[in-house]
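>>> Can you look at this prediction? I've put the sequence above it.
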Amino acid sequence: MNLTILGCHSATPTASAHPTAQVLEIKGRLFLIDCGEGTQMQLRKYRVKYSRIRHIFISHLHGDHFYGLVGLISTFLLLGREAELHIYGPKGIKQAILLLLKLGKAYTNYPLYFHELEETTPQLIFEDDKVSVETIPLDHRVYTNGFLFKEKPDDRKLDIEKARKLNIDLSYFNKIKQGFDVENRDGKLIPNKEITFDPPPPKSYAYCSDTAYYPEIVPQIEGATVLYHESTFLEEHHHLCEKTKHSTAKEAGVIARKANVGTLILGHYSGRYGNLELFRREAQEVFDNVELAEDGKVFTF
């Protein structure tokens, strides 16, 4: 599971601080999460293959999370894209994007599907044989969702040597991987656990930006391999959280501790801070395993 940070800063972009966008590679799928201004330039800079992006997830309709989307859609058109593109985001995103395309007479020549969201409880919005994606309802100034990406369990791993010793015909090997007990050539039923290894535990990634401190999400994200949680402010500016519906680094740490996640990644920093290490230090007061998002940084889990 690889996570590439394309941008991780809040509000106004600068030459060295790009607004929110991430690429998650999980089970061979490539998902774009949020699409702030300049996302397509960051995709080129960090050599992410445009053609592999089939699904884009937009958390909310604040500009620093989706103003790069119409440009990316238009660039796909110019590049001669033919593959389907699915966009998941709050109700209204279809109207906003299609109006801009219409005014610029830039109609797509590839299938473009919008999946508009308005539910305030977790919803399964994508699923295939390898991965599922659920919404994580958040607490922000406008309707906002995070997203929980979960691997599906792999097949069990066949112990070939043990299977041969127990005189099992190779025609049963695929069935064994799927978890079935099988008979050997002597007619004896062999329990599956005797001839297989457990697969690696499935990984999960919880993306939570933007939100006020919202412990209601803890049961849904409990045990996640990785949690990305916004940390717009440090505790010295905690008084700004209520007005803006953002979180501090320490509050993100509390959520990570309550949910017992493996790793916490902080991001969505306010531009008022020059030293990002302060965010790590504050979160580590309550949760040990803390990483800092940085433009261009790649995390592997």
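Yep, that arrived. Residues are numbered from 1 along each chain as shown.
>>> okay, CA-based contacts and neighbour counts for the rest of this
Will do.
>>> which secondary structure element contains Asp64?
Assigned by DSSP states H and E, Asp64 belongs to helix 63-66.
>>> got a list of contacts for that helix?
10-12, 19-21, 34-37, 58-60 (C-alpha atoms under 8 Å, 6 or more residues apart in numbering).
>>> Narrow those to those that are buried.
By neighbour count, with 16 or more other C-alpha atoms under 10 Å, the contacts of helix 63-66 hold 10-11, 19-21, 34-37, 58-60 as buried.
>>> Just give me the closest of the residues you listed to Lys258.
Closest to Lys258 out of the buried ones among the contacts of helix 63-66 is Ser59 (22.8 Å), distances taken as C-alpha to C-alpha.
>>> Three-state assignment for the closest one, please.
Look at Ser59: counting by DSSP: H, G, I helix; E, B strand; the rest coil, its state is coil.
>>> how about it, what does it touch?
Counted by C-alpha under 8 Å, 6+ apart, Ser59 has contacts 33-34, 65, 89-90, 144-147, 209-210.
>>> Spatially nearest residue to it (excluding sequence neighbours)?
Residue nearest to Ser59 in three dimensions, not counting chain neighbours: Asn145, with 5.0 Å by C-alpha to C-alpha, 6 or more residues apart in numbering.
>>> Tell me how many other residues crowd that neighbour.
30 (other C-alpha atoms under 10 Å).
>>> For it, list each beta-bridge partner.
Pro137 (DSSP bridges).
>>> okay, which residue of the chain is out on the far edge from center?
Largest separation from the mean C-alpha position in the chain: Asp186, at 49.1 Å (C-alpha atoms, centre = their mean).
>>> Can you report how many residues neighbour Asn167?
Neighbour tally, Asn167, other C-alpha under 10 Å: 14.
>>> repeat for Phe149
By other C-alpha under 10 Å, neighbour count at Phe149 equals 21.
>>> Spatially, what comes nearest to it if we skip its sequence neighbours?
Phe149 sits nearest to Val133 (C-alpha to C-alpha, 6+ apart), 4.6 Å away.
>>> Can you point out the buried residues in the helix or strand where the one you found lies?
Following DSSP H and E, one finds Val133 within strand 131-137. Using 16+ other C-alpha under 10 Å as the test for burial, strand 131-137 gives 131-137.
>>> Same question for stretch 106-122.
For stretch 106-122, by 16+ other C-alpha under 10 Å, it's 108, 114, 116-117, 122.
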